[in-house]
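**Student:** next come a sequence and a model predicted from it.
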Amino acid sequence: MRMPGPAPMAAAALLCLLIGLLFLAYQVRGIFSAQLEQEYVGLVLQAVERADAARASAIALKDASATDAQHRAAYREARIEWAARLASLHALITSSPTPAPALPPSALSAAADFNQASAALDSADAYWRDQRDRASSDVRARIVSVSHTLIALTAVVFGVLITALGMYAKRNRQLVGISSEFEHASLHDAMTDLPNRRKLFAALEESAEALADGSQAKRIAVLYIDLDGFKRVNDTLGHRIGDEFLIAVSRRFRQTVRNSDIVARIGGDEFAVLVREFSSDLELAAIAQRIIHCVAETDTRMGLSLVRASIGIASFPDRVTDYWRLVAAADETMYAVKRNGKNGYAFASAAS
């Protein structure tokens, strides 16, 4: 299943964040509203408590002896105080920002029926206590909802970041792979996958610098190889057979030389071997003989009886004093071999 691209994922994440932020704003607004409602309910309940205290005073004086004038006067004062408290409570309730049951007007005077006024106060007390509990529950629920939303948004943001980092790392690996492929293609022959001329000269320069600073042996060499009779393979058997021969012989060349040495395809049917370290000309001659044997064996295995090899060998600094001339000197020596009968090797002269 194909993963969505960065743009759809970013759009989806942005939409989720926007919805989450809007929900958070709504919940925060609800929390502030519920807190304001709690404060108002608290004011009403304080008024209820004051009215209840005034009622308690009136109840304490209600059963005073009817002949006790002082107690009757105190009772009347207590009823007047209670009525005033009920009137303050009524005014506070009618100012409520949300609709609420008001106290009956008949219960607000000092002459009102005691039981009616007491029932109205009890009803108001029960109603506003329920309102306080409801507002508290609403605040708690909204706070829990906000915390859950924050956790979800954090998970979304974290998931988007992890996904973005993963996509960036994947894209970076792809770019690195593409860059490596381009670099490999620029330094290697497309058909045989051997290093090309550019790679050969870069390795030659590196080896010469290592030789100069003493970190390598004192001599390096280039063997320049030309396949004798290869043109007849293309002309008589076709380029497909010729390409198969080049691929097969290239594979044999890689198996023949040491891992430290480089086999490069210069172009067409011409190859070169950079020997990074050798002890004597006998060692170079042995390499040349193995290469000639590889060509002959590949020719025999494919049943061609057409292809052999001519090799020119040049070494630095004993035979060639400028390492940039190594390939040219080996090439010139290879042509000398071809003029002298082919299918052999020769060393460049010191005059090179």
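**Tutor:** Thanks, I have the structure now.

**Student:** residue boundaries of the strands in this structure?
**Tutor:** 220-228, 262-267, 270-275, 308-316, 344-347 (DSSP state E).

**Student:** which residues in the stretch 151-300 of the chain form helices?
**Tutor:** 197-212, 230-237, 239-256, 281-301 (DSSP state H, counting those that start in this stretch).

**Student:** could you measure from the spatially most central residue of the chain over to Ser33?
**Tutor:** Nearest to the geometric centre of the chain sits Leu165, at 1.1 Å (CA atoms, centre = their mean). From Leu165 across to Ser33, the span is 41 Å (CB to CB, to the nearest Å). Using the backbone N, CA and C atoms, a C-beta is placed for each residue, glycine as well.

**Student:** do the same with Leu175
**Tutor:** Here Leu175 is placed at a distance of 53 Å from Ser33 (CB to CB).

**Student:** more neighbours: the two, which one.
**Tutor:** Shown here are Leu175 and Ser33; by other CB atoms under 10 Å, Ser33 has more neighbours (15 against 10).

**Student:** so where's the stretch 151-300 of the chain uncertain?
**Tutor:** 214-217 (pLDDT under 70).

**Student:** swap the cut-off to 50 and go again
**Tutor:** Along the stretch 151-300 of the chain, no part satisfies pLDDT under 50.

**Student:** quick one, grab the pLDDT at Thr333.
**Tutor:** For Thr333, the pLDDT comes out at 95.

**Student:** isn't it up against Ile313?
**Tutor:** Yes - between Thr333 and Ile313 there is a contact under CB atoms under 8 Å: 6.5 Å.

**Student:** now do the contacts for the residue lying closest to Asp318 once chain neighbours are set aside.
**Tutor:** Leaving out its chain neighbours, the residue that sits closest to Asp318 by CB to CB, 6 or more residues apart in numbering is Arg219, at 6.2 Å. Arg219 is in contact with 211, 277-278, 315-318, counting by CB atoms under 8 Å, 6 or more residues apart in numbering.

**Student:** need phi/psi at Arg219.
**Tutor:** Backbone torsions of Arg219, given as degrees, to the nearest 10, read phi -140, psi 150.

**Student:** separation between the closest residue to Thr192 other than its chain neighbours and Met191?
**Tutor:** In this structure, Thr192 finds its nearest non-sequential neighbour in Ser250, 3.9 Å apart by CB to CB, 6+ apart. Going from Ser250 to Met191 by CB to CB gives 8 Å.

**Student:** what do the two both touch?
**Tutor:** Overlap of the contact sets of Ser250 and Met191 (by CB under 8 Å, 6+ apart) consists of Arg265.

**Student:** ok, these two, which is more surrounded?
**Tutor:** Using other CB under 10 Å as the criterion, Ser250 and Met191 rank with Ser250 on top: 21 against 11.

**Student:** that one and Ile93, how far apart?
**Tutor:** Ser250 is 101 Å from Ile93, by CB to CB.

**Student:** again, but for Lys62
**Tutor:** Applying CB to CB, the value for Lys62 to Ile93 is 26 Å.

**Student:** ditto for Leu21
**Tutor:** With CB to CB as the criterion, Leu21 and Ile93 are 37 Å apart.

**Student:** with Ser305 instead?
**Tutor:** From Ser305 to Ile93 the distance is 118 Å (CB to CB).

**Student:** again with Ser207
**Tutor:** Distance, Ser207 to Ile93, by CB to CB: 100 Å.

**Student:** likewise Val48?
**Tutor:** 10 Å.

**Student:** repeat for Leu326
**Tutor:** From Leu326 to Ile93 the distance is 107 Å (CB to CB).

**Student:** so these two - more neighbours on which side?
**Tutor:** Leu326 (28 against 18).

**Student:** what's the pLDDT at that one?
**Tutor:** In this model, Leu326 is scored at 93, pLDDT.

**Student:** state the distance from the closest residue in space to it that isn't next to it in sequence to Leu165.
**Tutor:** The shortest distance from Leu326 to any non-neighbouring residue, by CB to CB, 6+ apart, is to Val222 (4.5 Å). Distance, Val222 to Leu165, by CB to CB: 48 Å.

**Student:** so can I have JSON lines of the helices of the stretch 151-300 of the chain showing distance to Ile143?
**Tutor:** Shown next, in JSON lines, are the helices of the stretch 151-300 of the chain (distance: least, CB to CB, whole Å):
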{"stretch": "helix 197-212", "distance to Ile143": "68"}
{"stretch": "helix 230-237", "distance to Ile143": "85"}
{"stretch": "helix 239-256", "distance to Ile143": "72"}
{"stretch": "helix 281-301", "distance to Ile143": "82"}
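
**Student:** Asp52: which of the ones you listed is closest?
**Tutor:** When the helices of the stretch 151-300 of the chain are compared for distance to Asp52 using CB to CB, the nearest one is helix 197-212, at 99.5 Å.

**Student:** other SSEs contacting that closest one?
**Tutor:** helix 114-187, strand 220-228, strand 262-267, strand 270-275, helix 326-339 (3 or more CB pairs under 8 Å, 6 or more residues apart in numbering; DSSP states H and E).
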